[in-house]
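>>> Predicted model and sequence follow; I will ask about them next.
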Amino acid sequence: MATRSKSRPRRESPEEFEQRTAPRLMQVGVALALLHVVLLGRLVHLQIVRHKELSAESLTRWRAPRTITPARGLIYDRNGALLVENEPGFSVVVDPNRWFVGNSTNPLAKDLPEDRRAHALRVLGRYFPEPALAWIKKLDLSQRTPKHPFPTREVAQWVPAETIERLRQTTVDFAPPVAKELKKRKGALAQPHAELPGVSYPPSSRRVAVNGTLASHVLGFTDQSGSTPWRGIELSLNSSLAGDAGKVTYEVDRFGMIPGTEEVRHKLTPGSHVYLTLDAELQHDVEQALGTAVTRHQAESGAAIVLDIKNGDVLAMASAPTYNINDARTPKPGTKPVLAPRINWALERPYEPGSTLKAMTIAAALEEKEVTAQSLFACNGSRKILTNTIHCATHGGFSHGHGTQNLGGVVSHSCNLATAECGAKLGSKRLYQYLTDFGMGERTKIGLPGEERGLLRDPERRIWRPIDLATISFGQGISVTPLQLAAAYTVFGDGRYHSPRLVRATRNTETKVIEERPLSASHRVLSEETAATMRTLLGGAIDEGTGLPAQIPGYTAGGKTGTAQIPENGHYSKRFVASFVGVAPLKDPQFVILTLVRDPKGGDHYGGSVAGPVFKQIAERALLLRRTPHDREKTLTGVKKKAVTVEA
């Protein structure tokens, strides 16, 4: 039987294959071409159209900004003695995200993020209070994702190097012990250790007053890091002291900053150093003398000021009670900060100056030729002005007024009636003009925050009644700050008013260039002849009148006592402000010194006996520090001390 042959499939010819596949190839080619066109269009859109937008977004997403705080400028006294500095140390920063990074020291370690947190809390708890670590305990570690990392926070702003060294010596080891045979291998770790997990110690500094209480009301203070000023020079000169912060950007990954990728965007400028007009040694002595007087008389507060009479430089400015700058920012746990000691009584609390203002009224009358040093005044103890009556203090050596006296007697005995007569001769407009020329009613612009302007009514806006003219003449119905009054007495040096100056110079910490601050503005108030006459009259008040306790052995001095009642609820209370302001020495004046004790207790409340001795103590020290030659014998002269209390 014959076998049947199998039929072979016919091969497709090239023409047929091409005819069959050509449409498909065309479709694929068109699809690929369209895809390339789409991709090219997308590329053009991203690379050209949205180039700027996406570049900025990439910088925002993968580069993070960082602000670098500059070193705050230091504060010195006029002689270069350091008053405020920056003490170097370290801050303690916890980054919880690092607890999720593998143990690079020992890859065999099986520790979990929870273990690392527990260890960090255990060690940090030995050095820092519970509230500082509470946020670490509250973290829910399961909530962390690469897109939502935990924030990095400070546990402590400033820690001394000794504490940081102890923290760095604290190691962590979660791995099993290394086998003995591995320990013998060259280069192998005897036992793998790592620093405290997630904790770093970047450099830091804190603001420190070298002598915590010295000039505290002038210097003021900042927060611990020095970034936020609160009072004093620290606040008013913050722009100079703080400098200009630097700004850098750096690349980041899911674990934080990548080292070595920093790029400076804004150059850092350190703060400038500030040189004050204060003399630290004199400031210390003034604070000691004032504090002793306030304590001795159980007073509410006090103030003392020393000015250079020739240019208004503030050589010392003290307030009592005082406070420690270094403790002001961090009160003890559970306690509130005590604010009363922070009041700068030298310029923040005006008061009625009382008899210390009489020198200005009398000087104005002399300058206007309304009176002379030989003019006579009669005082019988009281005088009626329309429906009101003014009185003189007639205790001590006088029982029925001061009698007939010349201008020297008026100043020495602090006569209200005669001073009111001088004011009446001037009239309200002229007296007001002279008082404003003496600086009353306006801030001195010394450059410290919180300065008050006092109260001096303009008679053109509110007419002074005759009784107003009389009382303002001898220091009632007007309020001033101690600094205003001290500055006013600079006029008795050469006849010119010198505004107080507190900042002597600033020094750029980069260029080392020192910029001297110009002397404060001055203007003429009295002729030199009238100023010299007033010094003689004020000298009589110390040598023969109410200021006897202010006499300085070996030196001439002139001044005016003040015993002013403190107004309360529209009436004068039985509390007083005892004050003394004067010039020393008289022949070549160097200083204006003001001392004030508010509400002294114990029965003695007179300016001469309470504030006068403080003036003497401060003046002796100021003259000694300047090596001022004696201008009189050391033997004290004058009336008996029983006449000291004769004042208004």
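Thanks, I have the structure now.

>>> For the stretch 151-300 of the chain, give me the ranges with low pLDDT.
By pLDDT under 70, the weakly predicted segments of the stretch 151-300 of the chain are 171-195, 250-265.

>>> Would you map the strands across it?
153-159, 171-172, 194-195, 199-200, 203-209, 246-253, 256-257, 263-266, 273-276 (DSSP state E, counting those that start in this stretch).

>>> Equivalent analysis for the stretch 501-648 of the chain, please.
For the stretch 501-648 of the chain, the strands defined by DSSP E, counting those that start in this stretch cover 503-507, 514-516, 522-524, 558-568, 571-584, 591-598.

>>> Tell me which of these is the most buried.
Of all the strands of the stretch 501-648 of the chain, strand 591-598 carries the top mean neighbour count, a mean of 29, counting by mean count of other C-beta atoms under 10 Å. The way it works is simple: take the backbone N, C-alpha and C, and place the C-beta from them, glycine included.

>>> That one pairs with which strands?
strand 301-308 (antiparallel), strand 571-584 (antiparallel) (DSSP bridges).

>>> Now render those as a markdown table, adding mean pLDDT and distance to residue 129.
As requested, the strands paired with strand 591-598 are exported to a markdown table (pLDDT from 0 to 100; distance: least, C-beta to C-beta, whole Å):
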| stretch | mean pLDDT | distance to residue 129 |
| --- | --- | --- |
| strand 301-308 | 98 | 35 |
| strand 571-584 | 94 | 44 |
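
>>> ok, back up a step: nearest to residue 400, of the strands of the stretch 501-648 of the chain?
Across these, the minimum distance to residue 400, taken as C-beta to C-beta, is reached by strand 558-568, at 20.4 Å.

>>> which other helices and strands contact the closest one?
Applying 3 or more C-beta pairs under 8 Å, 6 or more residues apart in numbering; DSSP states H and E, one finds that strand 558-568 contacts helix 528-544, strand 571-584.

>>> Distance to residue 216 for the strands paired with strand 591-598 - can I get that in a markdown table?
Shown next, in a markdown table, are the strands paired with strand 591-598 (distance: least, C-beta to C-beta, whole Å):
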| stretch | distance to residue 216 |
| --- | --- |
| strand 301-308 | 13 |
| strand 571-584 | 22 |
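
>>> List just the one of the ones you listed that sits closest to residue 133.
Taking C-beta to C-beta, strand 301-308 is the member of the strands paired with strand 591-598 nearest to residue 133, at 41.5 Å.

>>> Where does the prediction get shaky in the protein?
1-10, 56-66, 102-111, 171-195, 250-265, 330-335, 394-399, 635-648.

>>> tally of neighbours for residue 631?
Other residues within reach of residue 631, judged by other C-beta atoms under 10 Å, total 15.

>>> Equivalent analysis for residue 377, please.
Residue 377: 20 surrounding residues under other C-beta under 10 Å.

>>> Surely it touches residue 420?
No: counting by C-beta atoms under 8 Å, residue 377 does not reach residue 420; the two are 10.0 Å apart.

>>> Of the strands paired with strand 591-598, which is nearest residue 526?
strand 571-584 (13.2 Å).

>>> buried set for stretch 272-288?
272-280, 282-287 (16 or more other C-beta atoms under 10 Å).

>>> Let me have the strands of the stretch 501-648 of the chain in CSV, extended by distance to residue 221.
Listed next are these as CSV, based on distance: least, C-beta to C-beta, whole Å:
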stretch, distance to residue 221
strand 503-507, 18
strand 514-516, 25
strand 522-524, 32
strand 558-568, 29
strand 571-584, 28
strand 591-598, 24
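
>>> Quick one: closest of those strands to residue 434.
Per C-beta to C-beta, nearest to residue 434 of the strands of the stretch 501-648 of the chain: strand 522-524, 12.0 Å.

>>> so how far is the longest helix along the chain off the chain centroid?
Counting by DSSP state H, the longest helix found in the chain is helix 14-44. For helix 14-44, the distance from its own C-alpha centre to the chain's C-alpha centre is 78 Å (C-alpha atoms, centre = their mean, to the nearest Å).

>>> do stretch 302-309 as well
19 Å.

>>> thinking again about what came up before, closest one to residue 436 out of the buried residues of stretch 272-288, please.
residue 277 (25.0 Å).

>>> May I have the phi/psi pair for that closest one?
Main-chain torsions, residue 277, degrees, to the nearest 10: phi -80, psi -10.

>>> which residues pair with the residue lying closest to it once chain neighbours are set aside across the strands?
Spatial nearest neighbour of residue 277, chain neighbours left out: residue 313 (4.1 Å); criterion: C-beta to C-beta, 6 or more residues apart in numbering. Beta bridges link residue 313 to residue 501, judged by DSSP bridges.

>>> Can you say which of the strands paired with strand 591-598 is nearest to residue 91?
strand 301-308 (38.1 Å).

>>> tell me the angle the next helix-or-strand element following the closest one makes with strand 301-308.
Downstream of strand 301-308, the next assigned helix or strand under DSSP states H and E is strand 314-320. Computed with axes from the mean of the first three to the mean of the last three C-alpha atoms, to 10 degrees, the direction of strand 314-320 lies at 180 degrees from that of strand 301-308.

>>> Neighbouring strands of strand 314-320 in the sheet, and parallel or not?
When DSSP bridges is applied, strand 314-320 pairs with strand 301-308 (antiparallel).
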